[in-house]
Each structure stands twice: as structure tokens, then as C-alpha cells.
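In: Dropping the sequence and predicted coords here.
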Amino acid sequence: MNSNNILNNVISIDHQKCTGCQRCIPVCPVDNIIIKQKKALPVNESCLLCDHCAATCPEGAIDNPKADDSTLMFNSFELKREWMPPGQFDPAQLAHLMYSRRSCRNFGPKELCAEQLDDLIKFGISAPSGTNSQLWTFTLLNTREKVVALAEVVLAYYQKLNKLAANTLLRKSLSVIGNRELEIYFRDYHESVEDAISRWKGQQEDLLFHGAPAVIVVGNKTHASCPREDPLLATQNILLGAHSLGLGSCLIGFVVEAAKRDKSIAGHLKIPSDERIYSVIALGYSQERYSGLPRRNKPLIRR
Ligand SMILES: Cc1cc2nc3c(=O)[nH]c(=O)nc-3n(C[C@H](O)[C@H](O)[C@H](O)COP(=O)(O)O)c2cc1C
């Protein structure tokens, strides 16, 4: 790898290897490559480093300074390196996987190993990202103890919020000045959150993480071009990857909401201030069994 490339953030093309076949030209999203003297040549600085050109080059002539080969190495299975053209994967298999994934609310105690969590992240980062920014971050909690510690911080936040929301005067006065958030929270969540807090304290019942022994917190840098979308797309891949690896998963929106308002949650996770949390995925071995697939509501489709 060429260290100048890293500084310049551009690809380099080895002219000893390039045959001038031109396959790299139409796949480049920013018209970065031209042919000069029968060889491919990168010409501008707007390269996204998306690896399209390198992946299309039959000679391996293109070096992408940021592309990391280890991202294609899963621990649980061997990933085939050949690209699969559209139409070559069985759609029935794909739909079966998608419809079989369920939000798990009954995790067993068995913890996940580091290799499983690494593989889940590799599923995640196959997602597209705005301008290929790939600035997503993954914060891992790999033991039940760490999940419980996060639950304590999050539940402390909701305990404070519930106290505020239970104050009728405060609630009403806030809604008068135009912020109805607390009133809506009181109407929709106060009671169930109160119940969850008291069951956590009383019976150590975990209605927040459902007993999960692992969590992946997916974030993104605030300066990413699509800070929200990238981590959410990665998240969906992780959920599907988890099911394929024999694991259950559940998104925990309550933690994302709490982290938006209470900076101590990011602090607890050692997530720096230039990042936001976009999803929290509880993971573990599911103790749930279904005999069929779920049916969805008919979607609203405009034609
Ligand atoms: C953004 C988001 C946040 C969610 N938050 C929670 C949560 O805090 N706790 C929970 O048990 N389930 C949560 N879920 C799971 C949904 O309830 C679940 O996806 C939905 O009921 C459909 O069920 P399925 O995932 O099994 O298909 C969340 C889902 C999404 C998409």
C-alpha cells in the first residue's frame, strides 16, 4: 500500500498490470478514471474510494488505500470472493431469512464470543453509505454484566423523566408554551416505563434488554453526509446476519431515545461528542420458537 495514497485519499493504478480494458470507467460514480496512452489513469480528487474500480479490474491493478481485505474475512464461514451477479441468489431463500428474523424478547444467558460480534459488524458494513463515507461506529458490550450496567444508566434517566412527567403542573405548563413532548410521553409511556423500572428493581426482570447478554450500539460521526441513514442500513444487515448465524436480536429504541437527551449515556459508553447513537441492538441466543412466518399489514402503495 502506498502511503502517499492514504494522504491523498485517491486510488492508484499500476500501469505494469493495467491492460487498458476500460472496465473501471463506467463503474466509477465520479468519472475519476480516463484512458491515456491505453492505460487507466485517475484524474481528480473527488474519488469516493468506493472500491468499484478495484473490484471490476481483472488484473488487480488498482489500489484503494482505504479498502481493508480483512473486512471480507468472516470467522464463522468462508465468504466467496467472486461477485454474485443480479439474479443468482435464490429470492425465496432471501425472503425466508427476512421474514424469519424476529425481534427477540426472551434471550438465554449464553454469551457471544468476540468472533461472532466481529462477524456481525462485517455484515453491517456491507451496507451502502452516503458518498461511501463509512463513518459508522460500533460499540460492543460483550457481557451481560456490561449490558446490565448500561441498563442501570438508561433506567436512571427514565426514572428522572417519569418524575418530571408525573408532575401535572410542569407537564401542562410545558405544553402551553408549545412543547407537548412531556405530555405525549406521559400519555404513551409513563405507566409502562414505571412498571419496567419497578420490575427491574424488584425482581431483576429486564424489560429493557430482555435479558440479552450482548449489545451493539451503532453510531455515526455527525459530519457524515448521511449520518442517520448509514448506521440504520448497517443495523438491518446486522439483524439479518444475526439470524443467519443462529442468534436472536432486538432493536432497543428506548436507549436511542434516552441517549438523544441524556449525554451521560454516550459518556458511559465512551462514545465521543462528535458521534450520535442511531441504533442499539440487543443480541444473544433466542429462546423463542415460532411455527410460521409473521404477516405484515398491507402497505400503502401509490401507483
Ligand atoms: C426503531 C425501532 C425501535 C424499537 N425499539 C424496541 C424496544 O425498545 N424494545 C423492544 O422490545 N422492541 C423494539 N423494537 C422492535 C419492534 O417492536 C418490532 O420490530 C416490531 O414489533 C415488529 O416485530 P418483528 O421485529 O419481530 O418483525 C423496535 C423496532 C424498531 C424498528
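Out: Everything's here; your move.

In: List, one by one, the residues from the stretch 1-150 of the chain near the ligand.
Out: Residues of the stretch 1-150 of the chain lying close to the ligand by Cβ under 6 Å from any ligand atom are 102-103, 105. Yep, even glycine has a C-beta here, placed from its N, CA and C like the rest.

In: Weed out the non-buried ones from those.
Out: 102, 105 (16 or more other Cβ atoms under 10 Å).

In: got the buried residues for the helix or strand encompassing Phe123?
Out: Using DSSP states H and E, the secondary-structure element containing Phe123 is helix 114-124. Using 16+ other Cβ under 10 Å as the test for burial, helix 114-124 gives 116-124.

In: Mind giving me the packing neighbours of the next helix or strand after that helix?
Out: The C-terminal neighbour of helix 114-124 among helices and strands, as given by DSSP H and E, is strand 136-141. Other helices and strands packing on strand 136-141, by 3 or more Cβ pairs under 8 Å, 6 or more residues apart in numbering; DSSP states H and E, are helix 114-124, strand 214-221, helix 229-244.

In: Quick one: those as TSV, columns for distance to Cys250 and mean pLDDT too.
Out: Putting the helices and strands packed on strand 136-141 into TSV (distance: least, Cβ to Cβ, whole Å; pLDDT from 0 to 100) gives the following:
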stretch	distance to Cys250	mean pLDDT
helix 114-124	14	98
strand 214-221	10	98
helix 229-244	9	98
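
In: will you turn those into a markdown table that also has distance to Asp188?
Out: Putting these into a markdown table (distance: least, Cβ to Cβ, whole Å) gives the following:
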| stretch | distance to Asp188 |
| --- | --- |
| helix 114-124 | 30 |
| strand 214-221 | 24 |
| helix 229-244 | 22 |
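
In: what comes into contact with stretch 61-68?
Out: With contacts defined as Cβ atoms under 8 Å, 6 or more residues apart in numbering, stretch 61-68 is touched by 1-2, 5-6, 9-19, 24, 40, 49, 51, 53-54.

In: out of these, which are inside strands?
Out: 12-13, 40 (DSSP state E).

In: Now Pro227: closest residue in space, sequence neighbours ignored.
Out: In this structure, Pro227 finds its nearest non-sequential neighbour in Asn220, 4.5 Å apart by Cβ to Cβ, 6 or more residues apart in numbering.

In: and the residue of the stretch 51-200 of the chain nearest the ligand?
Out: At 3.5 Å from the ligand, Ser103 is the closest residue in the stretch 51-200 of the chain, using Cβ to the nearest ligand atom.

In: who touches that residue in this structure?
Out: Ser103 neighbours (Cβ under 8 Å, 6+ apart): 249-251.

In: Run through the bridge partners of it.
Out: Ser103 has these beta-bridge partners by DSSP bridges: Ser249.

In: For the residue of the chain positioned farthest from its centre, grab phi and psi.
Out: Here the chain reaches farthest from its C-alpha mean at Gln37, the gap being 43.5 Å by Cα atoms, centre = their mean. Phi and psi for Gln37, reported as degrees, to the nearest 10, are phi 50, psi 50.

In: What score does it have for pLDDT?
Out: What the model reports for Gln37 is a pLDDT of 96.

In: before we move on, the earlier item: beta partners of the residue nearest to Pro227?
Out: Beta bridges link Asn220 to Trp136, Arg276 when assigned by DSSP bridges.

In: ok, so what distance separates it from the ligand?
Out: Look at Asn220 and the ligand: by Cβ to the nearest ligand atom, to the nearest Å, they are 15 Å apart.

In: how far away is that residue from Ala127?
Out: Between Asn220 and Ala127 the distance is 12 Å, computed by Cβ to Cβ, to the nearest Å.

In: List the contacts of Ile271.
Out: 137, 139, 217, 219, 277.

In: For the residues you listed, name the two members farthest from one another.
Out: Spanning the widest gap among the contacts of Ile271 are Thr137 and Ile277, at 9.1 Å by Cβ to Cβ.

In: And stretch 93-105, how far out from the chain middle?
Out: 17 Å (Cα atoms, centre = their mean, to the nearest Å).

In: burial of Tyr285, as a residue count?
Out: Applying other Cβ atoms under 10 Å, we find 18 residues neighbouring Tyr285.

In: now it, nearest residue through space, not along the chain?
Out: The shortest distance from Tyr285 to any non-neighbouring residue, by Cβ to Cβ, 6+ apart, is to Gly108 (4.3 Å).

In: what does Lys221 give?
Out: Leu135 (4.1 Å).
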